[in-house]
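Novice: Pasted the sequence and its predicted model underneath.
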Amino acid sequence: MNGRGLEEPFHYGLLWLRLLMGAGIASHGYGKLFGGSIDMFAQGVAEMGFPLPHLSAYLAAGSEFFGGIFIALGFATRPAALAVFGTMAVAAFIKHALDVFAVKELALAYLTMAGTLIFTGGGRISIDAIIYRNWLNRRRAAIANVTPSQN
């Protein structure tokens, strides 16, 4: 058996994680951006002491919505996961700092999933992997076409 036999479940697991996590966090961002709750969210951001609360609220909601979509697709997975990680860190450790675990549990779960994707990337079943394979193939072709100079 080649080494890929043990590796395949890992990539299917990353796909599963990306799809569910991405859809879940994107739904939270969607509600804030398009569900009419951005003003209430911005008020909460202002209460936490962040400057430019409306801009900060849009950035946080955008990281959830667009970051979630990117994560689900496996496109720019690490940067998207980093944006979600930052937003969830604020949610868990600033917004819900004094709350009981049950209140901050969802933010901590998304923080954990985003942290995992920062380390692993999107896996072999992702747009990132397709882009990388295409880049690698073009690079190999360019190297193969270079001939040593003749003296």
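Specialist: Structure's in. What do you need? In this text the structure is predicted, and so the values were computed from the model without any measurement.
Novice: State the mean pLDDT of the helix or strand harbouring Ile71.
Specialist: Ile71 belongs to helix 53-73 when assigned by DSSP states H and E. Per-residue pLDDT values over helix 53-73 give a mean of 97.
Novice: hey, C-alpha coordinates of the following helix or strand past it in PDB?
Specialist: Sequence-wise, the next helix or strand downstream of helix 53-73 (DSSP H and E) is helix 77-90. The C-alpha trace of helix 77-90 is given here as PDB (Å, rounded to 0.1, in the frame of the first residue of the first chain):
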ATOM      1  CA  THR A  77      -8.200  28.900   3.300                       C
ATOM      2  CA  ARG A  78      -5.400  30.000   5.700                       C
ATOM      3  CA  PRO A  79      -6.000  33.800   5.300                       C
ATOM      4  CA  ALA A  80      -9.800  33.200   5.700                       C
ATOM      5  CA  ALA A  81      -9.300  31.000   8.700                       C
ATOM      6  CA  LEU A  82      -7.000  33.600  10.200                       C
ATOM      7  CA  ALA A  83      -9.700  36.300   9.800                       C
ATOM      8  CA  VAL A  84     -12.300  34.100  11.400                       C
ATOM      9  CA  PHE A  85      -9.800  33.100  14.200                       C
ATOM     10  CA  GLY A  86      -9.300  36.800  15.000                       C
ATOM     11  CA  THR A  87     -13.000  37.500  15.100                       C
ATOM     12  CA  MET A  88     -13.800  34.500  17.200                       C
ATOM     13  CA  ALA A  89     -10.900  35.400  19.600                       C
ATOM     14  CA  VAL A  90     -12.600  38.700  20.200                       C
END
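Novice: between helix 77-90 and helix 53-73, how many degrees?
Specialist: 130 degrees (axes from the mean of the first three to the mean of the last three Cα atoms, to 10 degrees).
Novice: Where does pLDDT dip in this protein?
Specialist: For the chain, applying pLDDT under 70 flags the ranges 1-6, 147-151.
Novice: longest helix in it, by residue count?
Specialist: Counting residues, the longest helix in the chain under DSSP state H turns out to be helix 4-34.
Novice: before we move on, back to that, how about the helix holding Ile71: buried residues?
Specialist: Using 16 or more other Cβ atoms under 10 Å as the test for burial, helix 53-73 gives 53, 56-61, 63-73. Quick note: C-beta positions are derived from backbone N, CA and C, even for glycine.
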